[in-house]
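[1] need coordinates for the below:
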Amino acid sequence: MRLIIYTGKGGTGKTVTACATAIKLAESNHKTLLISSDPAHTLSDALTYEIGYETRDIMHNLKAIEIDPIFELTTKYIDLLSYTTNYLFGKGIDSHIAYEIAMMPGMTQLFSLLKIDEEVRKKDFDAIILDMPPSGEALKFLYFPKIVGSLGKNYLNLSNFFGGIAKVFQPFAGYYKSLDSFISHGDILRRLENLFNIITDQSITSLRLVTNVDTFSVKNAKRALMSANLFGINVDLVIINKININNHEAKKDVERIETNFFPLPCKRAKLNSREVRGIDMLKKHGEEIFSIQDPSTIFFKENIYSIEENNNSISIKFKIPFVKDADIQTTKINDEVLIQIKHSIGYIANSVSLPLAAINMKLVSTRLLNNILEIVLKR
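    Numbering: from 1, shown residues only. Alright, predicted model coming up:
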């Protein structure tokens, strides 16, 4: 089966693209499930169907569901939530505040993702399309299962995990120790480990980035690309959406964006005169993006960045296009390295978003070998 995850900055057309992909898969005779974990829940608006917390039939071979993290947690993991709330209530915290504290940061996103593991184990579908919240930060929650799973696997308890802020959470120290025991009796850690294995299996999972031609959405997509690379998640496609085909400058911008994501394949979709809604318009959108290709195809399977950390330095290697007989200049500005490639025909600009560990480092050297550029940063 295939798990295809769509992410991108809000407003890029991420949800519409996820819906269009799901419809084209269904029409290609793939039993498909479309899932939204975006709190905005715009599937209903795009499909013009009322989608809820239970799986609903949309068309032949296509079902859809909008996951509500609170609903998932309170119906399937109510024991865990009750255990947490009752413990805090017993410490003299008001019940409504105890409930809010029990919903620890990241917990709602985490339990949303467990829905994927549940559906994969059922084996009812050939493809699952996941519409994620509009932020590259959401990718961190895809890696979170590995962190929690590793803690359980290596017998590290939650009280140690929160040790760095132990003074702040001193009243809850006993809670974390007892919670370790509570969780270890269930299958949560096993499911988290399984979920991580699914997400990082490149024969199953592909992350696809949706961007517009504006600078902010491109930067957001490039950060998501770096995060995915660090977390071992395969990115196989970039979709450049809402292109004004009547604007000559916009066409140039598209070419520049495709160069920036080299060697990732990019697909284009034009800006529509009205909002893309309903099955018919979504079908056309899917055909525009994929033409006669099957959307379940793995379009690319390769690490974009090769990253090595050594003492106080980080080396990043990646391919860049059009480097023959070119003069290359690099400049680090905040969280990215700008690359200017000078040819006899003009300039080509490129950039690479840096991992968080390298943001406060200095760019000390660059080296070009064939079409591989290596940049080295040091503290």
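[2] CA atoms only: put stretch 338-352 into PDB for me.
    Output of stretch 338-352 as PDB, limited to C-alpha atoms (Å, rounded to 0.1, in the frame of the first residue of the first chain):
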ATOM      1  CA  LEU A 338      22.200  31.700  -0.600                       C
ATOM      2  CA  ILE A 339      23.900  30.300  -3.700                       C
ATOM      3  CA  GLN A 340      24.600  32.500  -6.800                       C
ATOM      4  CA  ILE A 341      25.700  30.600  -9.900                       C
ATOM      5  CA  LYS A 342      27.200  32.900 -12.600                       C
ATOM      6  CA  HIS A 343      27.100  31.800 -16.200                       C
ATOM      7  CA  SER A 344      27.900  33.600 -19.400                       C
ATOM      8  CA  ILE A 345      24.200  33.700 -20.000                       C
ATOM      9  CA  GLY A 346      23.400  35.300 -16.600                       C
ATOM     10  CA  TYR A 347      22.800  34.400 -13.000                       C
ATOM     11  CA  ILE A 348      20.900  31.600 -11.400                       C
ATOM     12  CA  ALA A 349      20.000  31.900  -7.700                       C
ATOM     13  CA  ASN A 350      19.500  28.900  -5.400                       C
ATOM     14  CA  SER A 351      19.300  28.400  -1.600                       C
ATOM     15  CA  VAL A 352      19.300  25.800   1.000                       C
END
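[3] sort out which residues of that stretch are buried, please.
    The neighbour-count check on stretch 338-352 (16 or more other CB atoms under 10 Å) flags 339, 341, 348, 350-352 as buried. Just so you know, the C-beta spots here come from the backbone N, C-alpha and C atoms, and that holds for glycine as well.
[4] repeat for stretch 269-283
    Neighbour counts using 16+ other CB under 10 Å place 269, 272, 276, 279, 281-283 of stretch 269-283 among the buried residues.
[5] repeat that for stretch 1-17.
    Of the residues in stretch 1-17, those scored as buried under the neighbour-count criterion (16+ other CB under 10 Å) are 1-9, 12-17.
[6] how far away is residue 5 from residue 373?
    From residue 5 across to residue 373, the span is 28 Å (CB to CB, to the nearest Å).
[7] could you do residue 43 as well?
    In this structure, residue 43 lies at 40 Å from residue 373, with CB to CB as the measure.
[8] same question, residue 196
    Remark: distance between residue 196 and residue 373 (CB to CB) = 31 Å.
[9] the domain parsing of this structure - what is it?
    Structural domains annotated on the chain: 2-290, 306-378, as defined by automatic domain parsing.
[10] just the strands in the stretch 201-350 of the chain please.
    Under the criterion DSSP state E, counting those that start in this stretch, the stretch 201-350 of the chain carries strands at the ranges 205-211, 235-243, 266-270, 306-310, 313-319, 327-333, 336-343, 346-353.
[11] quick one: the last one to strand 327-333, angle?
    For the pair strand 346-353 and strand 327-333, the angle between their directions (axes from the mean of the first three to the mean of the last three CA atoms, to 10 degrees) equals 40 degrees.
[12] tell me which other helices or strands strand 346-353 touches.
    Contacting strand 346-353 under the criterion 3 or more CB pairs under 8 Å, 6 or more residues apart in numbering; DSSP states H and E are the following elements: helix 215-231, helix 248-260, strand 336-343.
[13] kindly recompute the last result at 10 Å.
    Packed against strand 346-353, as judged by 3 or more CB pairs under 10 Å, 6 or more residues apart in numbering; DSSP states H and E, are the following elements: helix 215-231, helix 248-260, strand 313-319, strand 327-333, strand 336-343, strand 372-378.
[14] ditto for the fourth one
    Where contact means 3+ CB pairs under 10 Å, 6+ apart, strand 306-310 is packed against helix 215-231, strand 313-319, strand 372-378.
[15] which residue is the nearest non-sequential neighbour of residue 226?
    residue 353 (4.7 Å; CB to CB, 6 or more residues apart in numbering).
[16] check residue 30 too.
    Once its chain neighbours are removed from consideration, residue 30 has its nearest residue in residue 126; the separation is 4.2 Å (CB to CB, 6+ apart).
[17] next one: residue 328
    The shortest distance from residue 328 to any residue other than its chain neighbours is 5.5 Å, reached at residue 341 (CB to CB, 6+ apart).
[18] what of residue 194?
    Going by CB to CB, 6+ apart, residue 194 has residue 117 as its nearest residue, at 5.5 Å.
[19] what mean pLDDT does stretch 361-379 have?
    In this model, stretch 361-379 has a mean pLDDT of 89.
[20] any idea how far apart the tips of that stretch sit?
    Using CA to CA, to the nearest Å, the end-to-end distance of stretch 361-379 comes to 5 Å.
[21] for that stretch, buried residues please.
    Neighbour-count burial for stretch 361-379, with 16+ other CB under 10 Å as criterion, is recorded at 361, 363, 373, 375-377.
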